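A.B. asks: My questions concern the predicted model and sequence given below.
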Amino acid sequence: MIMLHQYELTIIGGGPAGMFAAFYASMRGADVLLVESTGELGGQPATQYPQKMIYDIAGIDGINGVDLTARLSAQMDHFHPKVRFDTRVDGIIPATDSNLDIDWIKVDADTPTSAANPHGYVLQTNHEPIATQTVLIATGGGAFAPRRLAVDYPTDWDGDRIIYTVRDLAALQGQDIAIAGGGDSAIDWALALVDQASSVHLIHRRQQFRGLESSVAQLQQSAVAIHTPFVINALDTTATGKLAIDLRPIHGDQHEQLVVDRLLVNYGFASDNKQLRRWDLSLEHNQVAVDRLYQTSRPGVFAIGDVVTYPGKVKLIANAFGEAPIAVDAALRTIHPDLRQPPHSAAVIGQ
Ligand SMILES: Cc1cc2nc3c(=O)[nH]c(=O)nc-3n(C[C@H](O)[C@H](O)[C@H](O)COP(=O)(O)OP(=O)(O)OC[C@H]3O[C@@H](n4cnc5c(N)ncnc54)[C@H](O)[C@@H]3O)c2cc1C
């Protein structure tokens, strides 16, 4: 028997649409969970264009992808909605159809349930399943996953010797760190770590880096040891348990050896939208068709952001922000039909 908490609303996807929806739903007092397939929030702005400026969000005269994500996170922090990272939703199954023997924790027998789908859904994931009364799909361009090293190594090195997402900069203090990659993210990590780590090595297969010119200039004047043009050829451990990296040159045959504590891999992200076709939704040109309340063809399942289509849909962050409150309120109204208009935010958060 699996004991699962049943959320009122589960939001799939931690891009701008999902993050703002999580803030808004928790401001409305909903028991909400945000699920993100990668180890970080932010979606396309954070992963595809961290340094590019965005000029078309109301009230902000220019902000880059990283800073927008930081502001959305700070806004969410007013209410601390639950977030589950590294969790990819694969299936949305009516709870009654699920083969799982689930005893989800209802607060009490009077807890209201969604009239449209009284038993809710079970979300199948790459980890444990999630029980939820309603679902908000905000999966944008698809589930991002970090591009992996094309070198064999034991799987239990992931998150330990080999790191794809840095969660805790302090944990890397005083260590010897290698970073693989040539874009903004790799350079940013190298510069962030150079004063804290014992040594930082940056490995890139090209002579030139792709990052912002100012960051590249800063890198060249820093104490970061640059290894270009090299690719990682093999990984091993030393007698003392350190990570031994064999670097193969792009030209010639003069290999280099590095011995470090950890290797941070920054090869970018690949997106995968295959799940959508398995979710039994009405699709148009591979986008989820929704009505004016962002309701999909399944009861209690709503969708917003880049993943949806409706007449006049434009894939902009500003639109996703407008869609979120309407969809969240419509989802919550299936559970609480008496749900009122939202109070003004100052009344909830304070002046
Ligand atoms: C280069 C570029 C420049 C752009 N410039 C602008 C601009 O200037 N202004 C503007 O308004 N818009 C711009 N956009 C578009 C904007 O980024 C998108 O409209 C916006 O990111 C959509 O947000 P979203 O939350 O719907 O989806 P996304 O940002 O795609 O986020 C979706 C999130 O869901 C996660 N996810 C997906 N599937 C699953 C799953 N099965 N389980 C768990 N998690 C999942 C993904 O990992 C991702 O984090 C630009 C886009 C690009 C590519």
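C.D. replies: Everything's here; your move. Numbering: from 1, shown residues only.

A.B. asks: list the contacts for whichever residue of the stretch 51-200 of the chain sits closest to the ligand?
C.D. replies: As assessed by CB to the nearest ligand atom, the ligand sits closest to residue 140 within the stretch 51-200 of the chain, at 2.0 Å. C-beta: built from backbone N, CA, C; applies to glycine. Residue 140 makes contact with 13, 15, 17, 43, 44, 305, 306, 307, according to CB atoms under 8 Å, 6 or more residues apart in numbering.

A.B. asks: hang on, the third one is in a helix, isn't it?
C.D. replies: The one in question is residue 17. Yes - membership of residue 17 in a helix is supported by DSSP: H, G, I helix; E, B strand; the rest coil.

A.B. asks: So for residue 2, what's the pLDDT?
C.D. replies: pLDDT, residue 2: 69.

A.B. asks: Show me the helices in the stretch 151-300 of the chain, by range?
C.D. replies: 184-193, 213-220 (DSSP state H, counting those that start in this stretch).

A.B. asks: The last one - what's its average pLDDT?
C.D. replies: It refers to helix 213-220. In the prediction, helix 213-220 has an average pLDDT of 91.

A.B. asks: same check, this time on stretch 85-100
C.D. replies: 88.

A.B. asks: List the contacts of it.
C.D. replies: 2, 12, 35-40, 102, 104, 117, 119-127, 129-131, 135, 143, 145, 275, 278-280, 298, 301.

A.B. asks: if you set the cut-off to 7 Å instead, what comes out?
C.D. replies: 2, 12, 35-39, 117, 119-127, 129, 131, 135, 143, 275, 278-279, 301 (CB atoms under 7 Å, 6 or more residues apart in numbering).

A.B. asks: So what's the residue count around the closest residue to the ligand within the stretch 251-351 of the chain?
C.D. replies: Nearest residue of the stretch 251-351 of the chain to the ligand: residue 305, at 2.3 Å (CB to the nearest ligand atom). A count of nearby residues for residue 305, using other CB atoms under 10 Å, gives 31.

A.B. asks: and the nearest residue to it once chain neighbours are set aside, what does it touch?
C.D. replies: Distances taken as CB to CB, 6 or more residues apart in numbering put residue 17 closest to residue 305, at 3.0 Å, once the chain neighbours are dropped. Each residue near residue 17 by CB under 7 Å, 6+ apart is listed here: 138, 140, 304, 305, 320, 323, 324.

A.B. asks: Now render those as CSV, adding secondary structure.
C.D. replies: Formatted as CSV, the contacts of residue 17 follow (three-state DSSP):
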residue, secondary structure
138, coil
140, coil
304, coil
305, helix
320, helix
323, helix
324, helix
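
A.B. asks: Using ChimeraX, define a selection of the buried residues within these.
C.D. replies: In ChimeraX syntax, the buried subset of the contacts of residue 17 is picked out as below (16 or more other CB atoms under 10 Å):
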select :138,140,304,305,320,323,324
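
A.B. asks: hmm, back to that, of the contacts of stretch 85-100, just the buried ones, PyMOL syntax please.
C.D. replies: Filtering those down to the buried ones (16+ other CB under 10 Å) takes a single PyMOL command:
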select buried, resi 12+35+36+37+38+117+119+120+121+122+123+124+125+129+131+135+143+275+279+301
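
A.B. asks: filter the contacts of stretch 85-100 down to the ones near the ligand?
C.D. replies: Contacts with the ligand within the contacts of stretch 85-100, counted by CB under 6 Å from any ligand atom: 12, 35, 36, 37, 38, 143, 275.

A.B. asks: Count the residues that sit near the closest residue to the first one other than its chain neighbours.
C.D. replies: Excluding the flanking residues, the one nearest residue 12 by CB to CB, 6+ apart is residue 89, at 4.8 Å. Residue 89 has 24 neighbouring residues, counting by other CB under 10 Å.

A.B. asks: same deal with residue 200?
C.D. replies: 26.

A.B. asks: just to revisit the earlier point, where's the dip in pLDDT among the contacts of residue 140?
C.D. replies: Among the contacts of residue 140, residue 44 has the lowest pLDDT, at 92.

A.B. asks: Contacts only, for that one.
C.D. replies: By CB under 7 Å, 6+ apart, residue 44 lies in contact with 15, 140, 141.
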